[in-house]
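J.: quick one: sequence and predicted model below, then my questions.
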Amino acid sequence: MSDPTRSSAPGYYSFVRREIEPLLPSRADHALEVGCGQGGTLAWLKDSGIAGRTTGIELDAASAAAARRYVDHLIEGDAEAAIDSLPAESLDLVLCLDVLEHLVDPWRAMARLTRALRPGGSVIISVPNVRHYSVALPLLWSGRWQYEHAGILDRTHLRFFTRASARALLSGAGLECAGGIDTGLEVTRKRELWKPLLARSAWRDLGVFQFVMRGRKPVAAATRGAPVLAPALGAAQ
């Protein structure tokens, strides 16, 4: 398998999500990434010895073509349809990094992914925090909710999450919350105005840009998965 670090594509290796390393298991015989991009993160997991066999799901045709060089098996197409076709208890690790907010029904998708996990397997998710000050303060002070080309209010985001609803996404699918990482705090702490607020746990999430969480399937979990807790379409989470 080719080394993605040697790819000629500009910025290719920058898409490897190394920040998830503290949440990774020591070994995953079969790892799946939903929205794998060009395959850099899966290639990194395999090269590091964490992942054995790797599978990627990618909608974008150009990215999928590139990922085929680095991923053992590539499923090109709609993620929610692909997730529905996954065999029960066939995976040890699932990555959903910056993808769940783009899905129509992430609650159903998470339940199906849990079904595809072997007992003891893990799901690692990352979702943007809609409570971040860059969203919360304009909404509170001026009623402004302005979609952008990128970021928390990316115009392609269909769903929005807080810490509580991100955890509920995992627990509602039958997963145990098994650790997490908050990103963005290191940037916010550099601003003097925010230091006293971030010292109070009640305000901490205003400085968090993204929640990265690990859910673990209980060893005794049934293969049928857990019931889906899905609010009505269009409801912000």
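T.: Looks like it arrived, so ask away.
J.: use CA for all of it now, contacts and neighbours both
T.: Fine.
J.: so who does the nearest residue to Ala88 once chain neighbours are set aside touch?
T.: Nearest residue to Ala88, sequence neighbours excluded (C-alpha to C-alpha, 6 or more residues apart in numbering): Ala116, at 4.2 Å. Listed by C-alpha atoms under 8 Å, 6 or more residues apart in numbering, the contact set of Ala116 reads Leu86, Pro87, Ala88, Glu89, Ser90, Leu91, Thr223.
J.: now Trp44
T.: So Trp44 contacts Val16 (C-alpha under 8 Å, 6+ apart).
J.: remind me which residues of the protein are low pLDDT?
T.: 1-14, 185-202, 221-237 (pLDDT under 70).
J.: mind redoing it with 90?
T.: 1-15, 133, 183-207, 220-237 (pLDDT under 90).
J.: show me where it has strands.
T.: Ranges of strands in the chain, per DSSP state E, are 28-34, 51-58, 73-76, 91-97, 117-128, 176-183, 210-216.
J.: mean neighbour count added to those, as JSON lines?
T.: Formatted as JSON lines, the strands of the chain follow (neighbours: other C-alpha atoms under 10 Å):
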{"stretch": "strand 28-34", "mean neighbour count": "23"}
{"stretch": "strand 51-58", "mean neighbour count": "22"}
{"stretch": "strand 73-76", "mean neighbour count": "18"}
{"stretch": "strand 91-97", "mean neighbour count": "24"}
{"stretch": "strand 117-128", "mean neighbour count": "24"}
{"stretch": "strand 176-183", "mean neighbour count": "16"}
{"stretch": "strand 210-216", "mean neighbour count": "24"}
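J.: which of these sits closest to Trp203?
T.: strand 176-183 (13.5 Å; C-alpha to C-alpha).
J.: that closest one pairs with which strands, parallel or anti?
T.: Strand 176-183 pairs in its sheet with strand 210-216 (antiparallel), by DSSP bridges.
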